[in-house]
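K.L.:
Predicted model and sequence below, questions to follow.
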Amino acid sequence: MEKQSFTAGRWVLLVGILAVALLGVYGTTQAAETEGDLALPSARAKWMMHVQFPATTISATVLITARVGMAQYERTIDISPSCAPQAGAVINMNQAIMGPTGYLQCQMPDLAAQVADMTGGALILPPMANCPADGHAWGQGIVALGAFVNAGMNPLFSHPDVQYEMPFVGTGAPALTVLRFSLGNYHVNSTPFRPRAPWNGVRTDLVCNGVNCGWRHWANGTVRSTGSSAAPMVTMTTSSVPIFIGYNPTNQQTLAEGRLYELEVDPGCSMVGN
């Protein structure tokens, strides 16, 4: 069985490849992002989540970063104790084995409380914060897809405001899937491709400057599609909410008898406070 991991060497290589590609396609967007940084709200915060499965356990962390004027803050929250397999999911051999009903559930930290504490009360986030897409968002994972389910969404990560999915499309053989990254009602989809057995390394990048967004989808080292559109304005829940791996509570779909080796999600938008 072939396994992949975000080891230091592979990570540096992946980031290097992405940097070259994104500079070519999104040079104008990234330049605008850098030049416009000082024009962004002076009080803002972001989060990103990383999860993996050492041996038979779940390791999940949420990195919170904040900026108030010129002061910058950073805090990593270990949410592993809040994570648990549900409906028959099993953690074994460094992977989460899920489906047809199994999934993982964790609890997102109270972002507003954490940000207020780490900034000494200098940044207060509302329960639903405006969150302009103004940076580099991504979802990436190493996943194995099992049984084909017509129109199955194959959710990898579900948060009330952020989803990353690998839905099957079509009804015949060979089975085809796409990558789908969502912020609120804003969705970026790849073109269809045939998943590779048994493991697939997937990644979606979304680079925004508050005005325009460019995106690129990767699967197994190959670019699947690129595109651009106007940047969305979304809101982000800042209270503690349940998050799901391998399950979407909205449509009650699970990962189709799949396995997940590692996952990282970054919404790429700034939660605006006072």
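P.N.:
Received the coordinates, thanks. All values reported here derive from a predicted model rather than from experimental measurement.

K.L.:
mind listing the strands for the stretch 1-150 of the chain?
P.N.:
43-52, 59-68, 71-78, 84-86, 90-92, 95-97, 103-107, 128-132, 136-144 (DSSP state E, counting those that start in this stretch).

K.L.:
Now do the first one and strand 59-68, the angle between them.
P.N.:
It stands for strand 43-52. Counting by axes from the mean of the first three to the mean of the last three CA atoms, to 10 degrees, strand 43-52 lies at 170 degrees to strand 59-68.

K.L.:
Poorly predicted segments of the chain, please.
P.N.:
1-41 (pLDDT under 70).

K.L.:
quick one: what helix or strand has the residue nearest the centre of the chain in it?
P.N.:
The centre of the chain sits closest to residue 265, judged by CA atoms, centre = their mean, with a distance of 2.3 Å. Assessed by DSSP states H and E, residue 265 sits inside strand 259-266.

K.L.:
That strand packs against which elements?
P.N.:
When contacts are defined as 3 or more CB pairs under 8 Å, 6 or more residues apart in numbering; DSSP states H and E, strand 259-266 sits against strand 43-52, strand 95-97, strand 136-144, strand 155-159, strand 162-165. To be clear about C-beta, it is placed using only N, CA and C from the backbone, and glycine gets the same treatment.

K.L.:
want to throw those into JSON lines with distance to residue 70 and mean neighbour count?
P.N.:
Output for those, formatted as JSON lines (distance: least, CB to CB, whole Å; neighbours: other CB atoms under 10 Å):
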{"stretch": "strand 43-52", "distance to residue 70": "12", "mean neighbour count": "22"}
{"stretch": "strand 95-97", "distance to residue 70": "41", "mean neighbour count": "23"}
{"stretch": "strand 136-144", "distance to residue 70": "21", "mean neighbour count": "22"}
{"stretch": "strand 155-159", "distance to residue 70": "30", "mean neighbour count": "24"}
{"stretch": "strand 162-165", "distance to residue 70": "28", "mean neighbour count": "24"}
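
K.L.:
do you know which of the ones you listed lies nearest residue 221?
P.N.:
With respect to residue 221, and counting by CB to CB, the nearest of the helices and strands packed on strand 259-266 is strand 136-144 at 12.3 Å.

K.L.:
which residues are contacting that closest one?
P.N.:
3-6, 33, 156-157, 164, 166, 181, 183, 197-208, 255, 258-269 (CB atoms under 8 Å, 6 or more residues apart in numbering).

K.L.:
List buried residues within these.
P.N.:
Neighbour-count burial within those applies to 6, 33, 156-157, 164, 166, 181, 183, 199-208, 255, 258-269; the criterion is 16 or more other CB atoms under 10 Å.
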